[in-house]
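Novice: 3D model of this:
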Amino acid sequence: MAFTLTKAVIPAAGLGTRFLPATKAMPKEMLPVVDKPAIQYVVEEAVAAGLTDVLMITGRNKNALENHFDRVGELEATLLKKGDTDRLQKVNYSTELADMHYVRQGDPKGLGHAVLRAKMHVGREPFAVLLGDDLIDARDVLLTRMIEECEKRGASIVALLEVDPAVAHMYGVATIEETDDDDVVRITGLVEKPAPGTAPSNYAIIGRYVLKPEVFEVLENTEPGKGGEIQLTDALETLAGNPENGGGVYGLVFRGRRYDTGDRLDYIKAIVQLAVDREDLGPDLRPWLKEYVGNLD
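Specialist: Next up, the predicted model:
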């Protein structure tokens, strides 16, 4: 049955402990990546794929997220009075991006629990889940393809990335079967952060999902797993093993540009990579960067 997918869920309740003390009073999702907070890139990606109804799952001390996507009358009036239309346009852009909604997670019981908090808002529709730590380059199509595959196959779709087997234990990892499409695989099993050397493959889940609503019923009956948390990976494994309920689970293998902002070193790399490619910054940054690197011991 054809459908129009319009809803995106963005879990944003984490404490951001890896970035302390920067995140002591500021949500990690608001850390700037060049000149925009990381969370704005994620919302922009959802909107570009046609998902204009965005639900953010938040926690305590996350008011800055709501403020960022809300109007700031005094700031707008000041910029308008100064005739600073360029900055005014940027401020208004984030305000008008999407129809934003917010719900508190409450208890920090894991990603699966955070997604379950979206049940009342989503209803009986397929929906997307976007994790804020993974930024997908706007020049590379991922979410739109995932939505297409969800409609085509009547199944939940997860984004997969081929990783070095030595780091597979840091991810949720899929057991796969090939399909007729070279970038789509059928998932027969999933394991969250397997012990080093035990991963069933090097196909790791990255932070993009397009899910059938049947996942909510499964999550309601999913016991805490790795880390004592309700794992979305465990619920998806249940769906993968029971394709009669929800159509099973498929993976779209992503081979484009992805930036990890959940790790301090990768966060710095992401800023440099994105800035180098920008028309307003790249021409000056690239020669400086070459000179700086050339002077390193």
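Novice: which residues in the stretch 1-150 of the chain form helices?
Specialist: Remark: helices assigned in the stretch 1-150 of the chain by DSSP state H, counting those that start in this stretch are 38-48, 63-68, 73-82, 85-95, 111-116, 119-122, 143-153.
Novice: Tabulate those (CSV), appending mean pLDDT, distance to Pro11 and mean neighbour count.
Specialist: C-beta here means a position set from N, CA and C on the backbone, and glycine is covered the same way. What follows is these, written out as CSV (pLDDT from 0 to 100; distance: least, Cβ to Cβ, whole Å; neighbours: other Cβ atoms under 10 Å):
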stretch, mean pLDDT, distance to Pro11, mean neighbour count
helix 38-48, 94, 10, 21
helix 63-68, 90, 12, 16
helix 73-82, 87, 28, 12
helix 85-95, 86, 20, 13
helix 111-116, 94, 4, 24
helix 119-122, 94, 13, 16
helix 143-153, 93, 16, 19
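Novice: Kindly reformat those helices as CSV and extend each row with distance to Asp266.
Specialist: Output for the helices of the stretch 1-150 of the chain, formatted as CSV (distance: least, Cβ to Cβ, whole Å):
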stretch, distance to Asp266
helix 38-48, 12
helix 63-68, 22
helix 73-82, 32
helix 85-95, 24
helix 111-116, 19
helix 119-122, 30
helix 143-153, 21
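Novice: what about those, which gets the closest to Asp277?
Specialist: helix 38-48 (13.5 Å; Cβ to Cβ).
Novice: so that closest one versus helix 143-153, what angle?
Specialist: 50 degrees (axes from the mean of the first three to the mean of the last three Cα atoms, to 10 degrees).
Novice: got the end-to-end distance for stretch 47-60?
Specialist: Terminal residues of stretch 47-60 are spaced 26 Å apart (Cα to Cα, to the nearest Å).
Novice: actually stretch 271-286, not the one I wrote
Specialist: Start and end residues of stretch 271-286 are separated by 13 Å (Cα to Cα).
Novice: cool, and stretch 177-190?
Specialist: End-to-end distance for stretch 177-190, by Cα to Cα: 12 Å.
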